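Visitor: my questions are about this predicted structure, shown below with the sequence.
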Amino acid sequence: MSEKNREGKRTARQKLADQREKQKSRDKRRRALIVGASVVCVLGLAAVIGVVAANAGKDDGGEAAGPVVAPSGAQGKDGLAIPVGEESAKSTLVVWEDFRCPACKAFELAYRDTIHELTEAGQLKVEYHLATIIDGNMGGTGSRKSANAAACAQDAGKFTPYHDVLFTNQPAETDDAFADEGKLTDLAGKVDGLDTAAFQECVEGGKHNSWVEKSNEAFRTGGFSGTPTVLLDGKNIYQDRSMTPAKLKQLVEDANQ
């Protein structure tokens, strides 16, 4: 083999080795970029989760200053429960809700006819507690303002029908439509006798805002996992996957025998 041919082969082998070395370097850089991007994504997700956890149930509190004024007839510790039904009922259902909470609406639409039937029959007492968790998680003030409006409806003796109207007309979770007092007073027109000057003044003046904030603080420190939280005689029935309106009715009727 001529010297020229041998030199050509050495050059070709050297070029191939150089190409392989460059490819290794490129692969190494690519892996580093992928790992770096993954770390950024994980840290970003952790930051988002941290913000959601830190803000859960908190709103800006900008209009909540002032004395705590409980709605008429409020009961329980610190007067934070709105009672519905006969005091003598043998079963008590404790419900923590947020009027912006989609899961709360789903619960209400599924169970409220049964709950109304049992309360009207004197077999069940319901204690409603109001929270503002969606204001904290999604931003806005609609949870607080709708809760204040519901408390105003309680003052007028119209809590139950207005409570149902709010859930029936609940906006999308990301839509803070209940922050508009005009919408809340317009919805009062769907409840006989509620659309009054006194109700409008109560809603627009945020009469019960501080009470709502106190109720929400009780929710945040109560060890609850989310809304709705539904307790029948102390047992969390919302976490019972076998629970149905018919089963709830049977449990209450059995307790009243």
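Guide: Yep, that arrived.
Visitor: residue 130 contacts residue 97, doesn't it?
Guide: Yes - using CB atoms under 8 Å, residue 130 makes contact with residue 97 at a distance of 6.5 Å. For the C-beta atoms, the positions are set from N, CA and C on the backbone; glycine is no exception.
Visitor: against which helices or strands is whichever helix or strand residue 199 is part of packed?
Guide: In the assignment (DSSP states H and E), residue 199 maps to helix 197-204. If contacts are counted by 3 or more CB pairs under 8 Å, 6 or more residues apart in numbering; DSSP states H and E, helix 197-204 sits against helix 142-155, helix 181-188.
Visitor: and those, which is most packed in?
Guide: helix 142-155 (a mean of 28; mean count of other CB atoms under 10 Å).
Visitor: how close does residue 238 get to residue 115?
Guide: 13 Å (CB to CB, to the nearest Å).
Visitor: quick one: the strands in the chain?
Guide: 82-84, 91-97, 124-130, 229-232, 235-236 (DSSP state E).
Visitor: now the ones you listed in a markdown table, with distance to residue 166, mean pLDDT and mean neighbour count?
Guide: What follows is those, written out as a markdown table (distance: least, CB to CB, whole Å; pLDDT from 0 to 100; neighbours: other CB atoms under 10 Å):
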| stretch | distance to residue 166 | mean pLDDT | mean neighbour count |
| --- | --- | --- | --- |
| strand 82-84 | 13 | 98 | 22 |
| strand 91-97 | 10 | 98 | 22 |
| strand 124-130 | 11 | 98 | 23 |
| strand 229-232 | 17 | 97 | 20 |
| strand 235-236 | 24 | 95 | 12 |
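Visitor: with that, I have no additional questions.
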